[in-house]
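1. Here is my input, please return the structure:
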Amino acid sequence: MSFIYVNSKLLKKKNNLVFLFFFLLVACDNIFTRFSHLNFECEKNIFRVSEIWITKKLQLLKGYVVIHNTKYNFDAIEESKDTTILRLNKPELKIEINKHNDTVIILKDRNLLNLKCKRSHFKM
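-> Prediction:
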């Protein structure tokens, strides 16, 4: 009787450890992500923004925007829980991306434009 009791205790501990391991593996997706790419391909618009590309390596963010077939690197990238804000100094431009619904808003020369963009995402 005591042998069965000890085995059931060990089995419960083993099951708990396996459950904990799989929980951490699923819940901590970002720990195992080396980098990710977020790409927005935008429809024709008055600002001629065709593509927005953001690369995240650990906590380092880099990105660029293609305006009228010219590639510009972002001067500043701010990331919060709900939005990502991208800034260019020349040409002066601010892009705000809502993470929940992938809405892309551009502010340039006191003009505000809501872009229709197709989002693609890659993680490794």
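
2. Quick one: mean pLDDT for stretch 91-109?
-> In this model, stretch 91-109 carries a mean pLDDT of 91.

3. Mind listing what's buried along that stretch?
-> Using 16 or more other CB atoms under 10 Å as the test for burial, stretch 91-109 gives 93, 95-97, 104, 106-108. Just so you know, the C-beta spots here come from the backbone N, C-alpha and C atoms, and that holds for glycine as well.

4. Repeat that for stretch 61-75.
-> Within stretch 61-75, the residues that qualify as buried by neighbour count (16+ other CB under 10 Å) are 61, 63-67, 72, 74.

5. do the same with stretch 110-119
-> Buried residues in stretch 110-119 (16+ other CB under 10 Å): 115, 117.

6. for it, how far is the first residue from the last?
-> 26 Å (CA to CA, to the nearest Å).

7. Can you name the residues in contact with it?
-> For stretch 110-119, the external contacting residues (CB atoms under 8 Å, 6 or more residues apart in numbering) are 38-43, 45-47, 49, 52, 102-106.
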